[in-house]
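Peer 1: I'd like to go over a predicted model; first the sequence, then the structure.
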Amino acid sequence: QVQLVESGGGLVQAGGSLRLSCAASGRTFSSYNMGWFRQAPGKEREFVAFITWSGGSTYYADSVKGRFTISRDNAKNTAYLQMNSLTPEDTAVYYCAKHRVGDNYAYTGSYDYWGQGTQVTVSS
């Protein structure tokens, strides 16, 4: 079993920054890849960013590339999503999730454990 708890969401003005955290417990954190997704009202959950177990490789959705940075600290069992230059279009509930090895990292079905989500609201 894996438990994931996100934090760090909130209300920020356009152009601002936030850093989300995802604290993991249960199975050894350094043994699995992690992803971040988001879901806006009335929309499907969409891929945001992915990081391999070692942190050696990262991938991003085109919509956030150059603005968001995913990272992890295996000693602290925590993954992060640094979000800069935020726009109102980034408003959503953000989720971290544990990836199943070998599956498409951008597909929600490739993740077997999810956090409860944290709300990010960007005002114009």
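Peer 2: Done, it's in. All values reported here derive from a predicted model rather than from experimental measurement.
Peer 1: what's the pLDDT at the residue lying closest to Asn33 once chain neighbours are set aside?
Peer 2: Spatially, and ignoring its direct neighbours in sequence, Asn33 is nearest to His99 (3.9 Å; Cβ to Cβ, 6 or more residues apart in numbering). From N, CA and C alone the C-beta is placed, and that goes for glycine too. Here, the pLDDT recorded for His99 equals 96.
Peer 1: SS state for the nearest residue to Gly15 once chain neighbours are set aside?
Peer 2: Excluding the flanking residues, the one nearest Gly15 by Cβ to Cβ, 6+ apart is Ser85, at 6.2 Å. Classification of Ser85 using DSSP: H, G, I helix; E, B strand; the rest coil returns coil.
Peer 1: hang on, Ser85 packs against Thr69?
Peer 2: No. With contact defined as Cβ atoms under 8 Å, Ser85 does not count as touching Thr69 (11.5 Å).
Peer 1: Comparing these two, which residue is more hemmed in?
Peer 2: Thr69 (16 against 13; other Cβ atoms under 10 Å).
Peer 1: pretty sure the more buried one contacts Leu81?
Peer 2: Yes. Here Thr69 lies in contact with Leu81, judged by Cβ under 8 Å, at a distance of 7.4 Å.
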